[in-house]
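Visitor: Got a sequence here, can you build the structure:
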Amino acid sequence: MGGRGPRPTNNPHSRRTDKFIELPAAKVEIPDIPAGDWLPQTVEWWKSWCAAPQASQFPSTTWQRLKMLIILVDRYFLEGSNAVLTEIRHNEKSLGAMPDDMQRLRWQIAGSGPDDEPATKKRSKRGKDPRKSYLKSV
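Guide: Below you'll find the model as predicted:
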């Protein structure tokens, strides 16, 4: 199945040229965990969001959402409800929790770009990639 959005066009003038926003690895000022008797797993969840590079992009409204979400996270660890987990995943997706979510938001963690990775092995001098001969367009 295809990706998100319409099929890409071959017109070079209509292609997306914007760059990724590089998220700093440094910590930013994070609000304290809301008052409450939270489970240890919930506190760990909060700390992981506070330490995440995505936190550098969060305005106060996003922190308000996380404060509302902490109640569901605590409830999930108590009950293990699939419905609660679905709601948590839906909210975390909009916050850039997973790599594909960060890609959709055009975020990249500092030090994880293609320029920062070691050079990959070059293709052998055999010529064309033999795997491509099996693929045919219809």
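Visitor: Kindly export the helix or strand encompassing residue 72 (C-alpha atoms) in CSV.
Guide: Taking DSSP states H and E as the criterion, the element that holds residue 72 is helix 60-79. Coordinates of each C-alpha in helix 60-79 appear next as CSV, following Å, rounded to 0.1, in the frame of the first residue of the first chain:
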residue,chain,number,x,y,z
SER,A,60,2.9,25.5,26.2
THR,A,61,-0.2,24.1,24.5
THR,A,62,1.7,20.8,23.8
TRP,A,63,2.8,20.5,27.4
GLN,A,64,-0.9,21.0,28.4
ARG,A,65,-1.8,18.1,26.2
LEU,A,66,0.9,16.0,27.8
LYS,A,67,-0.5,16.9,31.2
MET,A,68,-3.9,15.7,30.1
LEU,A,69,-2.5,12.6,28.6
ILE,A,70,-0.6,11.6,31.8
ILE,A,71,-4.0,10.7,33.3
LEU,A,72,-4.6,8.2,30.5
VAL,A,73,-1.1,6.8,30.7
ASP,A,74,-1.6,6.1,34.4
ARG,A,75,-5.0,4.6,33.7
TYR,A,76,-3.5,2.4,31.0
PHE,A,77,-0.8,1.0,33.4
LEU,A,78,-3.5,0.3,36.0
GLU,A,79,-6.1,-1.3,33.6
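Visitor: Report the rounded mean pLDDT for the helix or strand following that helix.
Guide: Per DSSP H and E, the first helix or strand lying C-terminal to helix 60-79 is helix 82-94. Helix 82-94 comes out with an average pLDDT of 90.
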